[in-house]
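Chemist: Okay, here's the prediction I keep looking at, along with the sequence it came from:
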Amino acid sequence: MNLFDRLILSLYSLALTILSVMVIAASLHLIPYELVQSNILAVYEADNMRYAYLGVAVIFFLISLKFLLQGFRRVKDRSHTEAIAQRTDWGHVSISVSTIESVALKAARRVRGVREVKSVIKSDETGTSILMKVSIDGDTPVPSIVEEVQKGVKEQVEAIIGIEIKQVDVKITEVAQQSSTTRLSRVE
């Protein structure tokens, strides 16, 4: 779900929450009957506001329909359905992208200074490339971490999976802060 859908869903949920509270309050007789009746009559009798009410109702209907249809739509998880095919002397081998991803993640986690890591595998007719998104500790020099991640991931994937890796790109996403439980010694 993208950012726009989340915003619409939040506003939609807020409006439904307010409407639900009003219906609950009316059901428990916390809102006088006359007030409820006068507001409902205002909707019927407001000739100049009729189109505004209609517009709001149509918008809510369309949003409801959109979220209802999204609930039934199947989301394809590409990492489990995509595979890289190879031909060997003994037959055909298909290796899922998630398998390559797990090997790459394991190799990157072995590098000193790497805190968190995510990977994206891209395969096309020119070859297979890997993008590693890495969070580092901030104590180890970035160039050495990048070089070790690139070398380690490429060697590990090629050795274990048996496919040639065209390139390993590394994107440093953040420098992890020291935990609050770590105490710094004071020198006097």
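Modeler: Received it, and whenever you're ready, just let me know what you need. Only a predicted model underlies this, so the values are computations on that prediction, with no experimental measurement involved.

Chemist: Now do the phi/psi pair for Ile84.
Modeler: In terms of degrees, to the nearest 10, the main-chain angles of Ile84 are phi -110, psi 120.

Chemist: residue contacts, it?
Modeler: Ser94, Ile95, Val97, Ile100, Ser123, Thr128, Ile163 (C-beta atoms under 8 Å, 6 or more residues apart in numbering). C-beta coordinates here come from the backbone N, C-alpha and C atoms, glycine included.

Chemist: how about those residues, which pair is most distant?
Modeler: Ser94 and Thr128 (13.6 Å; C-beta to C-beta).

Chemist: If you count surrounding residues, which of the two has more?
Modeler: Thr128 (21 against 10; other C-beta atoms under 10 Å).

Chemist: buried ones in the helix or strand harbouring the more buried one?
Modeler: Using DSSP states H and E, Thr128 falls within strand 127-136. By neighbour count on 16 or more other C-beta atoms under 10 Å, the buried set for strand 127-136 is Thr128, Ile130, Met132, Lys133, Val134, Ile136.

Chemist: give me the number of residues near the residue lying closest to Val36 once chain neighbours are set aside?
Modeler: Sequence neighbours aside, Ala26 is the residue nearest to Val36 in space, at 5.3 Å (criterion: C-beta to C-beta, 6 or more residues apart in numbering). Around Ala26 there are 15 other residues, counting by other C-beta under 10 Å.
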